[in-house]
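In: Only the shape, not the letters, is given here:
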């Protein structure tokens, strides 16, 4: 088959993958996650376990060592037979703590220690680099097979760069779909869906080849068995094929560990899992996938040996066998299968390792270098984390490519995969111990993982790259088996031994309880209710998630507490949830440190711990129904308290209102009366007379304005306001409002930040009323914004199902959280209680107008200045006053 | 030269009216337009009479009055004070003032009141 | 209803025994995979071994599938049994 056609097919396949990932991401963004969350997609995504090492290497492995290759798939199968009680627990605990990677899991369990996570990350990076190189190599080798078969030898020359092209393409894919957002749960629907599709391609390709071999080349299964027996009887093979029990056991152990600890497996198995329920299906379906992938390996290996020349590389039998039989289409299918296997592994591995590198290396270093940023500093942590991931992805890919170029791709495929497996297996004792044993502590984890790392480096990794010699081993013992068992046993002993003699700190003990008993952790806090530190926390969350998700989350939390607005009370359970959600974006250690920094860290003492444990025990004993009733009661009580406070405030307010009106009316009246009496004096000069008459006129006008405002307000409040509903363009309204408001303090040079294209939004509303609101809000900003270089930001967004949201934000010092609820009240003037131009009715009128229009206006805390959000419904309610107040 | 009257009033038009009315009677009238710094202004000017608005920005007339009465200097503390109020808020707030005038007031009343207090 | 507590107990008892089976299964599977290789390596290294392992593997997949289905049904049954009639009326 022509090389160009192969290249074209390959490119077409890549375009398809991009398309699928893009479509899935879009569907997820629109909330269509039902089929994306199907357990089948999840099961298929687990097949990243079968990388190119499986696809090409398994046949090579089988032709060298017979049935031993099966250990790599039997280990995971054994783990999955324990899915019901084992994996479900792991996934539940990890989801509960919003764990982002295997390093994050270890760090969260052992007292949120970032240093521990950094060590695990180091192992992951060292182990993954040759593994990624192996995938690049397999793609290059498979291209070469076709290039060699090409009639004119075309394309041979360009092959040197294959690895680079593949690495670059995969980096682009990974960055595009792996770093789109920094969600609280690190899930990537696009990537997972593309990988599920690739899993199907791999399986179909491999099974098609297997069927061709058994029924096309051999004479059915019995004939195949016969051929296998004959091959086994061949003295050349019999020695290598004879299973060695020690090696068999060690390999099963290591591959069982790998399914839990390999970064890419942890990513698809735990991080991308929406909940633990999908393991009900995956528990049998994933072993079935492995079964199907392994079933034809031995037949292909035996047939390849029979039909192909002795010089042929067994690692490439899957390609050369159909090609040699003239089955070009089948060979192409197999090629795509192998390509899928390699690319899906690289993409997921890069995402997983890059998440670790950015969360545990780059972000902590950056935060430490920046010292303590002030709360209102406008640094964009979210942007930094995403860029750190992108850089890390490029670095991981580059490292894989460099390793591939440097090693020259000579090593047999199988050995490179095993090096990675054994490296990550060193994390297993700390991981399992942390999940099952409350006594496990951080020092133990350090020692265990540290010892494992050193032994693995010296006995397995360095020899694999040709540094250092083989170990002196007792006769009859396989050196690799010895190295694996030695490193794992010493690792486990160090972990257990140091844990027994150490004493964990309170945070660790709390986390230990939460991990081992799978109960919700409780963040201890001495912060009291009503503490206004919720606002800096909101500002922090905004830096990580972006403004809208942070506001939405805080509003939902406040609502769950029965409060209105955006600032929930800092209850321990709220802080716990916030920390865990942040951990989902930036890792548990960093999230913990950031919350401590903003909310004021409180050293946890053993006494606190006992109290918390006591509380947890008591909470457990209460029945669920009681808990629910209690929560309901608390909520109602809080609502009642809030209502009562409001009523009391209302009556005080009414008195204050009357006295205010009296003052506001008397002030202009005083001037009018005094000057009109003065005017009676015949000795006044003409100039004085004119000036005094002018004052009288101005004060009378002020009286009229005040009366107009009061009348306006009373009409609005009684719900008798007339609306003239029509279609209006928000862009035009905002422009008009800006022009009208520019007369206020014209000496202030405001920089207006607008996003013009989004503003062109048609709304059905009373344009004049809305304009009145806009002018008022903008005028307020012009009046009160105290920044040296005032900036006014206006953002417009359509709401789902119609209507719009208008945010007007300045960069001044904003309004204290204590007074934010007052500003919409009548005569509530903040900065200077007596003057402020008008009578202080402006925002009260705005609120009434917005309610009449069926929308709302609210103060947005934590935006780095005074910020108002105006929410418009799709259309005003038909009967004024009958509408429920809307919020976003 | 020493001021006869110091007025603390934030509404510029009322201040101008009062100053015009009283200047015509031959008194020297000073003005401080804010509640903040009110007591310092009195201390500096040492007027024979203080006219104090009750509703002032930043610092209310009642607060300034209390501070004045608590001053160490007994002559300063006993400076007569005429409080300007809007009705409905007078009462307890103006206690301690020597006299009180409700806005809006009659110019003749103002003149008579000040004359009496400066006598 | 006098037989309700009995029913409840029976459902949850059944569920617990299935849970025990789920715990035993991996151990049993590991033994079946490991022991023959230690015991008679030469018998299980070639064609016979392939038949034995793939047969065992298929059996395991089937066992896990049946076990998970039974566990899900048992969980649903205990959830139903522990619901009081009032609650069920509420749910409607």
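Out: Looks like it came in fine. Just so you know, these numbers come straight off a predicted model, no measurement behind them.
In: Give me the contact list for stretch A:350-358.
Out: A:100-104, A:117, A:120-121, A:124-125, A:128, A:132, A:170-171, A:174, A:178-179, A:186, A:188, A:191, A:263-264, A:266-267, A:271, A:385, A:388-393, A:395-397 (C-beta atoms under 8 Å, 6 or more residues apart in numbering or on different chains). The way it works is simple: take the backbone N, C-alpha and C, and place the C-beta from them, glycine included.
In: brain fart, stretch A:448-466
Out: Judged by C-beta under 8 Å, 6+ apart, the contacts made with stretch A:448-466 from elsewhere in the structure are A:106, A:116, A:119-120, A:122-123, A:126-127, A:130, A:407, A:411, A:415-416, A:419, A:422-423, A:426-427, A:429-430, A:433, A:468-471, A:480, A:483-484, A:486-488, A:490-492, A:494-496, A:498.
In: same question, stretch A:765-774
Out: By C-beta under 8 Å, 6+ apart, the surrounding residues in contact with stretch A:765-774 are A:723-726, A:728, A:733-734, A:736-737, A:740, A:763, A:806, A:808, A:845-846, A:849-850, A:852-853, A:857, A:870, A:872, A:875-876.
In: ok, and which of the contacts of stretch A:350-358 reach chain C?
Out: When contact is defined as C-beta under 8 Å from any C-beta of the partner chain, the contacts of stretch A:350-358 do not meet chain C at all.
In: So among the residues you listed, which ones count as buried?
Out: A:100-104, A:117, A:120-121, A:124-125, A:128, A:132, A:170-171, A:174, A:178-179, A:186, A:188, A:191, A:263-264, A:266-267, A:271, A:385, A:388-390, A:392-393, A:395-397 (16 or more other C-beta atoms under 10 Å in any protein chain shown).
In: May I ask which helix or strand of chain A has the lowest mean pLDDT?
Out: Comparing helices and strands within chain A by mean pLDDT, DSSP states H and E singles out helix A:606-621 as the least confident, with a mean of 54.
In: what's the following helix or strand after it?
Out: Along the chain past helix A:606-621, the next helix or strand (assigned with DSSP states H and E) turns out to be helix A:624-679.
In: need the contact list for residue B:103.
Out: Residues counted as contacts of residue B:103 (C-beta under 8 Å, 6+ apart) are A:666-667, A:669-670, B:14, B:84-87.
In: Buried among those residues? Need that as a selection in ChimeraX.
Out: A single ChimeraX command selects the buried members of those (16+ other C-beta under 10 Å):
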select /A:666,667,669,670 /B:14,84,85,86
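In: Among the contacts of residue B:103, give me the pair with the biggest separation.
Out: Farthest pair in those (C-beta to C-beta) is B:14 and B:87. Separation: 15.5 Å.
In: Low-confidence regions, chain B specifically.
Out: Screening chain B residue by residue with the criterion pLDDT under 70, one finds the ranges B:1, B:87-94.
In: Pick out the residue nearest the middle of it.
Out: Within chain B, the residue whose C-alpha comes closest to the C-alpha centroid is residue B:51; the distance, by C-alpha atoms, centre = their mean, is 1.2 Å.
In: what ranges do the strands span in the chain?
Out: Just so you know, I chose chain A. With DSSP state E as the criterion, chain A has strands at A:726-729, A:751-754, A:762-765, A:791-798, A:804-810, A:856-859, A:867-872.
In: and among those strands, the most buried is which?
Out: The highest average neighbour count among the strands of chain A, using mean count of other C-beta atoms under 10 Å in any protein chain shown, belongs to strand A:867-872 at a mean of 24.
In: Taking strand A:791-798 as reference, get the angle to that one.
Out: Strand A:867-872 and strand A:791-798 meet at an angle of 30 degrees, taking axes from the mean of the first three to the mean of the last three C-alpha atoms, to 10 degrees as the criterion.
In: Okay, angle between strand A:867-872 and strand A:804-810 too, please.
Out: With the same axes, to 10 degrees defining the directions, strand A:867-872 sits at 160 degrees from strand A:804-810.
In: which other residues reach strand A:867-872?
Out: Residues lying outside strand A:867-872 but in contact with it, judged by C-beta under 8 Å, 6+ apart, are A:763, A:765, A:770, A:773-774, A:777, A:799, A:803-810, A:814, A:850, A:853-861, A:886-888.
In: let's see 6 Å
Out: A:763, A:777, A:803-809, A:855-858, A:860, A:886, A:888 (C-beta atoms under 6 Å, 6 or more residues apart in numbering or on different chains).
In: pLDDT averaged over it - what is it?
Out: Along strand A:867-872, the predicted local confidence has a mean pLDDT of 90.
In: Stretch A:5-19 now?
Out: On average, stretch A:5-19 scores 86.
In: for that stretch, which positions count as buried?
Out: Of the residues in stretch A:5-19, A:6, A:9-10, A:13-14, A:17-18 count as buried by neighbour count, 16+ other C-beta under 10 Å.
In: cool, and stretch A:761-779?
Out: Within stretch A:761-779, the residues that count as buried by 16+ other C-beta under 10 Å are A:761, A:763-767, A:769-779.
In: again with stretch A:730-745
Out: A:730-731, A:733-735, A:737-738, A:740-741.
In: Can you tell me the number of residues neighbouring the nearest residue to residue A:584 once chain neighbours are set aside?
Out: Counting by C-beta to C-beta, 6 or more residues apart in numbering or on different chains, residue A:98 is the residue found nearest to residue A:584 once chain neighbours are left out, at 3.3 Å. In terms of burial, residue A:98 registers 23 neighbours under the definition other C-beta atoms under 10 Å in any protein chain shown.
In: any idea how far chain B is from residue A:98?
Out: Per C-beta to the nearest C-beta, to the nearest Å, residue A:98 is found 49 Å from chain B.
In: For that residue, what are phi and psi?
Out: The main-chain torsion angles of residue A:98 are listed as degrees, to the nearest 10 and equal phi 50, psi 50.
In: now do residue A:113
Out: phi -90, psi 120.
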